[in-house]
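> sharing a model prediction with you, sequence too.
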Amino acid sequence: MKAAVYDETGGPEVLRYADVPDPEVGRGDVLVKVEAVSIEGGDTLNRLGGAMSRSPHIVGYQAAGTILAVGDQVEGFAEGDRVVTVGLDGSHAELRAVPAAFCWAVPEGLPTEEAACVPVPFGTADDCLFEFGRLQAGETVLIHAGAGGVGIAAIQLAKAAGATVLATASSDDRLERLVPLGLDHGINYAAGDFVAEVRRLTEGRGADVIVDGVGGATLQQSLLALAYRGRCLTFGDAGRGVPSALDISTMRGQNQTLVGYFLGAELFLTRRPYPLIAGHLAELAAGRLRVVIDRRFPLAEAAAAHAYIESRQAFGRVLLIP
């Protein structure tokens with residue numbers, strides 16, 4: 001099969017298009033003909049400096065397609081079924097073998113490309129907002145990187161739950177495009193101090209819940225934008241800043257909470273997120289939620305797709321099409 005691979009971590013230029021052996025299908029696995037790969041933020045971070053399970057390495061969390069074969073212990077899936085899959089790696093390829101336990105059926109009426117964009121962003125957004133963030137109707141939420149995959153999912157879910165939705169983005173144009181998805185107040189972080197703007201918009205209270213996938217200096221500032229008893233969820237380092245010690249001294253007197261979150265841990269250690277993500281797929285099929293696809297690249301142009309994501313021009317998801 002063809003795949004986008006690399007022999008050492010680094011910038012997008014390390015990716016190359018190559019022939020590699022087809023994946024082996026275990027007894028509990030399904031073999032999927034990949035039709036759409038949603039490039040996740042973790043994919044670019046792993047390519048930049050993450051662990052390599054093999055060399056050449058095939059990066060990638062999430063992809064959707066059609067099942068070509070099933071292992072003899074698989075129940076609930078059959079050849080010809082459309083599925084969206086997640087895994088620690090291996091999405092940037094024409095074929096993918098994954099445990100059936102990490103697959104979701106694609107509902108009738110939902111395009112495969114859209115399904116490819118769902119589990120990681122929507123599962124992360126839902127858990128950060130509700131399972132760990134305990135967001136309630138009437139509260140205010142601040143969502144960083146609102147134009148990204150998790151951001152777009154979180155804006156819709158928070159609005160549907162009755163929250164007042166604030167989000168950051170790098171331009172007024174990007175913020176305007178988020179309004180139809182449920183954004184109440186946009187904050188252009190490139191034009192000013194988002195902490196001061198959050199305080200202004202909330203009459204000094206701050207945000208009850210903050211969803212922060214940027215990390216670094218942004219995460220430090222997020223703590224200053226929290227309301228009394230506010231909850232800040234950190235799930236990534238999209239800002240690619242140098243890790244530094246976090247000062248949490250401002251949190252004590254305000255009875256605030258900082259929670260680290262990783263969807264992968266929930267998927268590996270519990271079954272709880274599975275019906276939640278299946279519900280998101282059903283909501284998308286019914287037209288009650290939306291995914292936004294910015295651009296599609298051929299799998300052979302994976303390096304260009306990664307570079308485009310890292311240029312911070314994308315609004316929504318960037319797909320690879322084998």
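The structure has been received and is ready for your questions.
> what comes up buried for stretch 195-208?
195, 197-199, 201-202, 206-208 (16 or more other C-beta atoms under 10 Å). For every residue, glycine as well, the C-beta is placed using N, CA and C.
> end-to-end on it?
Criterion C-alpha to C-alpha, to the nearest Å; first-to-last residue distance in stretch 195-208 is 13 Å.
> pLDDT of it, averaged?
For stretch 195-208, the mean pLDDT works out to 98.
> stretch 116-132 too?
Confidence over stretch 116-132 (mean pLDDT, whole number) is 98.
> how far is that stretch from where the chain is centred?
7 Å (C-alpha atoms, centre = their mean, to the nearest Å).
> my guess is residue 197 is in a strand, correct?
No. Under DSSP: H, G, I helix; E, B strand; the rest coil, residue 197 sits outside any strand and is assigned helix.
> quick one: which of the buried residues of stretch 195-208 is nearest residue 63?
residue 207 (34.0 Å; C-beta to C-beta).
> count the neighbours of the closest residue to that closest one other than its chain neighbours for me.
Closest residue in space to residue 207, ignoring its immediate chain neighbours: residue 142 at 4.0 Å, by C-beta to C-beta, 6 or more residues apart in numbering. Counted with other C-beta atoms under 10 Å, residues neighbouring residue 142 total 32.
> list the contacts for residue 142?
166-168, 187, 194, 198, 207, 209-211, 222, 225 (C-beta atoms under 8 Å, 6 or more residues apart in numbering).
> rewinding a little: let's have the buried residues of stretch 195-208 in JSON lines, adding distance to residue 104.
As requested, those are exported to JSON lines (distance: C-beta to C-beta, whole Å):
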{"residue": "195", "distance to residue 104": "38"}
{"residue": "197", "distance to residue 104": "38"}
{"residue": "198", "distance to residue 104": "35"}
{"residue": "199", "distance to residue 104": "40"}
{"residue": "201", "distance to residue 104": "37"}
{"residue": "202", "distance to residue 104": "37"}
{"residue": "206", "distance to residue 104": "36"}
{"residue": "207", "distance to residue 104": "31"}
{"residue": "208", "distance to residue 104": "31"}
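> before we move on, the earlier item: top of the contacts of residue 142 by neighbour count?
residue 211 (33 neighbours).
> wait, is that one part of a helix?
No. Read with three-state DSSP, residue 211 is strand and lies in no helix.
> quick one: residues contacting residue 285.
Per C-beta under 8 Å, 6+ apart, neighbours of residue 285: 107-110.
> just the buried ones out of those, please.
Neighbour counting by 16+ other C-beta under 10 Å classes residue 110 among these as buried.
> now, the most widely separated pair of the contacts of residue 285?
Maximum pairwise distance in these, criterion C-beta to C-beta, is 7.3 Å, between 108 and 110.
> quick one on the thing from earlier: between the buried residues of stretch 195-208, which is closest to residue 35?
Nearest to residue 35 among the buried residues of stretch 195-208, with distances taken as C-beta to C-beta, is residue 207, at 38.7 Å.
> tell me the bridge partners for that closest one.
Beta bridges link residue 207 to residue 226, judged by DSSP bridges.
> wait, it sits on residue 143?
No. In this structure residue 207 lies outside contact range of residue 143 using C-beta atoms under 8 Å: 9.3 Å.
> shared neighbours of these two, anything?
Shared contacts of residue 207 and residue 143 (C-beta under 8 Å, 6+ apart): residue 166.
> hey, where'd the helices end up in this structure?
Counting by DSSP state H, one finds helices in the chain at the ranges 41-49, 112-115, 119-126, 149-160, 172-178, 194-201, 216-224, 249-252, 263-269, 273-285, 302-310.
> list the buried residues in the fifth one.
Buried residues in helix 172-178, defined by neighbour count with 16+ other C-beta under 10 Å: 174-175, 177-178.
> so for that helix, mean pLDDT?
97.
> turn the helices of the chain into a markdown table, including distance to residue 61.
Listed next are the helices of the chain as a markdown table, based on distance: least, C-beta to C-beta, whole Å:
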| stretch | distance to residue 61 |
| --- | --- |
| helix 41-49 | 6 |
| helix 112-115 | 14 |
| helix 119-126 | 6 |
| helix 149-160 | 11 |
| helix 172-178 | 24 |
| helix 194-201 | 28 |
| helix 216-224 | 22 |
| helix 249-252 | 31 |
| helix 263-269 | 8 |
| helix 273-285 | 13 |
| helix 302-310 | 14 |
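> and of the ones you listed, who's closest to residue 102?
Residue 102 lies closest to helix 263-269 among the helices of the chain, at 6.8 Å (C-beta to C-beta).
> using CSV, write out every CA atom in the closest one.
The C-alpha trace of helix 263-269 is given here as CSV (Å, rounded to 0.1, in the frame of the first residue of the first chain):
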residue,chain,number,x,y,z
LEU,A,263,-9.3,11.5,25.2
GLY,A,264,-7.0,8.6,24.4
ALA,A,265,-6.8,7.7,28.1
GLU,A,266,-10.6,7.6,28.3
LEU,A,267,-10.9,5.4,25.2
PHE,A,268,-8.3,3.0,26.4
LEU,A,269,-9.3,2.7,30.0
